[in-house]
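J.: What would the 3D arrangement of this be:
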Amino acid sequence: MNRAGSITHVIVGDARGIFIPALEGYPLGRRALRGLRLIHTHLNEESLTQDDLTDLALLRLDLVAAIGVRNGLPGNISVAHLMPDGIKPFEIIESPDFYAFDFDFMPFIESLEDEMDRNRVFSPDDKRERAILVSVSTMPKYAQEDSLEELKELAQSSNVLVLDTVIQRPKEINPRYLMGEGKIKELVINALSKGATLLIFDQELSPSQVKAITEITELKVIDRSQLILDIFARRAHSRDGKVQVELAQLKYRLPRLTGKGTAMSRLMGGIGGRGPGEMKLEIDRRRVRDRIALLEKELNSLSQARRQRKQRRVGTGIPIVSIVGYTNAGKSTLLNSLTRSYVFVEDKLFATLDTASRRLRFPKERDVIVTDTVGFIRDLPKDLMVAFRATLEELEDADLLLHLVDVSSPRFEQHIVSVVNILGDLALDAKPRILVFNKTDRIGNEQARNLAVRFNAVTLSALDPSTFGPLLRTIENHIWQRNGAEVKV
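T.: All right, here's what the predicted structure looks like:
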């Protein structure tokens, strides 16, 4: 029954229970409650069951009422509603006599929902997606917390409001839900009570896991890979970037286009469903494969054009220096400051997806070409890695790599390892490389000097050109050194 008092569904079950159908006409939206109450019978006048209370919480119903049957007529009544503070999950009101039960529904439910809205941590005018971040892993706790912190940065880069983070460390991973069924229901109820619209898992979910979890909740469910794909879809501007992102999106979605598609249908429009790869879910797998083949052909054509431009550049004999590094290390800022150019810069993960090249002049009329590349990240989705491999081929012709590191990050050592591993995957680990510690203005001078000695690195602040001297001298020595002598930083 809705708040106007109209019957919206009549459900016939048996003594064991009822099956509640999909409630698309009353979606969970900006309000704290759905706007529907469930009124049903209990044949033996028993009180509300745990299933009743779970449905109340999972479906965010206004209330659940059970009317006991006594000699074929109403006997007792039990009513439960959610509580606004979350300390006590629900309250049950009982009366032994249905006919004597007096409950003024509308003033009560309006007051309850207003109090729920006041207890939420976001403004009702905030239209962003609201997420609970979830990590379920057997890895060490510190590593799990670090990874979840990075997931939070990724979510913020995708303009998601993070309401809470949840860490689970089970003895073994549940193949269906990652965590146990009871725990996943607790997670969903907690997410709904906080007003979340989205669950983001730090671990990659299989298609069957996405399907199983979305059968429990109406929240959208995505994983780390899909979040990164979403960020790439937002940031790709060049034709190269757009083709690469759409290709990666379709390859990611293809195995998930199975069954009724309810898991994927919730993703359309918004996080996980935007960008060049967005299309109707009902599209069949054959058309997706055809689209993938077309994009791969276009990507190959774009790659050939890129190779021709590269050959012309190499033919000039001007050395090429490529800036690589973890996402948000400051690569574009350094390129702008070195070459006095205006590549787009933003303090977010993956602000730059499209490569940029600029000329840098040294004394004695010597030039180098400096290129900026897409940032690396731990556990980059394999479909994205394959798609962007063509872009990263540009690194093969670099005479020198500047491995830029945000030394102010508490995770900078893990970032170094991740970048080195990715360079190894690209067969670029033997390429001459300078380790450059950026953002030293955020740490003390003494700490910066000690870290430079420890890691044999050059230090600078990309925002302060006066700190560039050691880097420029090191680049000169690497590129124009005589007799191939080893260069010391």
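J.: longest strand of this protein?
T.: Longest strand of the chain, by residue count under DSSP state E: strand 73-82.
J.: That one pairs with which strands, parallel or anti?
T.: Counting by DSSP bridges, the strands paired with strand 73-82 are strand 63-70 (antiparallel), strand 90-95 (antiparallel).
J.: Residues contacting the shortest one, please?
T.: Outside of strand 90-95, the residues that reach it under the criterion CB atoms under 8 Å, 6 or more residues apart in numbering are 47-48, 53, 56-57, 76-83, 101, 103. (Each C-beta comes from the backbone N, C-alpha and C, glycine too.)
J.: Please parse the protein into its domains.
T.: As assigned by automatic domain parsing, the chain contains the domains 1-119, 130-265, 316-480.
J.: which residues are contacting the longest strand of the chain?
T.: By CB under 8 Å, 6+ apart, the list of residues contacting strand 73-82 from outside reads 33, 42, 45, 47-48, 52-53, 56-57, 60, 62-70, 89-99, 101, 103, 109, 112, 116, 193.
J.: Any idea how many residues pack against the closest residue to residue 32 other than its chain neighbours?
T.: Excluding the flanking residues, the one nearest residue 32 by CB to CB, 6 or more residues apart in numbering is residue 116, at 3.7 Å. Per other CB atoms under 10 Å, the neighbour tally for residue 116 reads 20.
J.: Would you map the helices across the stretch 251-400 of the chain?
T.: Along the stretch 251-400 of the chain, the stretches classed as helices by DSSP state H, counting those that start in this stretch are 262-265, 285-315, 331-339, 382-392.
J.: And the ones you listed, which one averages the lowest pLDDT?
T.: Here those differ in mean pLDDT, and the lowest is helix 262-265 at a mean of 47.
J.: which residues in this structure form strands?
T.: Using DSSP E, the strands of the chain run over 37-42, 63-70, 73-82, 90-95, 130-136, 161-168, 198-201, 220-223, 320-325, 356-362, 366-372, 400-406, 433-438, 458-459.
J.: Could you dump those strands into a markdown table and include distance to residue 253, mean neighbour count and mean pLDDT?
T.: Output for the strands of the chain, formatted as a markdown table (distance: least, CB to CB, whole Å; neighbours: other CB atoms under 10 Å; pLDDT from 0 to 100):
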| stretch | distance to residue 253 | mean neighbour count | mean pLDDT |
| --- | --- | --- | --- |
| strand 37-42 | 35 | 17 | 94 |
| strand 63-70 | 37 | 20 | 95 |
| strand 73-82 | 35 | 20 | 95 |
| strand 90-95 | 38 | 14 | 94 |
| strand 130-136 | 20 | 24 | 94 |
| strand 161-168 | 24 | 18 | 93 |
| strand 198-201 | 17 | 26 | 94 |
| strand 220-223 | 11 | 23 | 91 |
| strand 320-325 | 29 | 24 | 90 |
| strand 356-362 | 30 | 16 | 80 |
| strand 366-372 | 29 | 20 | 85 |
| strand 400-406 | 32 | 23 | 94 |
| strand 433-438 | 36 | 23 | 95 |
| strand 458-459 | 43 | 24 | 94 |
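J.: Which one, of these, ends up nearest to residue 293?
T.: Residue 293 sits nearest to strand 220-223 of all these, at 26.0 Å, using CB to CB.
J.: mind listing what the closest one pairs with, with the direction of each?
T.: strand 198-201 (parallel).
J.: ok, back up a step: relative orientation of the longest strand of the chain and strand 37-42 in degrees?
T.: 140 degrees (axes from the mean of the first three to the mean of the last three CA atoms, to 10 degrees).
J.: how about strand 73-82 as CSV, C-alpha atoms only?
T.: Output of strand 73-82 as CSV, limited to C-alpha atoms (Å, rounded to 0.1, in the frame of the first residue of the first chain):
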residue,chain,number,x,y,z
LEU,A,73,-10.8,-13.1,11.2
PRO,A,74,-8.1,-10.5,12.2
GLY,A,75,-6.7,-11.3,15.6
ASN,A,76,-3.5,-9.5,16.8
ILE,A,77,-1.3,-7.1,14.8
SER,A,78,2.5,-6.5,14.8
VAL,A,79,4.0,-3.4,13.1
ALA,A,80,7.7,-2.7,12.6
HIS,A,81,9.4,0.4,11.3
LEU,A,82,13.0,1.4,10.9
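J.: starting at the chain centroid, how far to that strand?
T.: Relative to the chain's own centre, strand 73-82 is displaced by 42 Å; criterion: CA atoms, centre = their mean, to the nearest Å.
J.: Give me the pLDDT for residue 478.
T.: pLDDT, read off for residue 478, is 88.
J.: got the contact list for it?
T.: Counting by CB under 8 Å, 6+ apart, the residues that residue 478 touches are 399, 400, 432, 434, 487.
J.: could I get those residues as JSON lines with distance to residue 359?
T.: What follows is these, written out as JSON lines (distance: CB to CB, whole Å):
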{"residue": "399", "distance to residue 359": "14"}
{"residue": "400", "distance to residue 359": "15"}
{"residue": "432", "distance to residue 359": "20"}
{"residue": "434", "distance to residue 359": "19"}
{"residue": "487", "distance to residue 359": "23"}
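J.: If anything else comes up later, I'll come back, but that's it for now.
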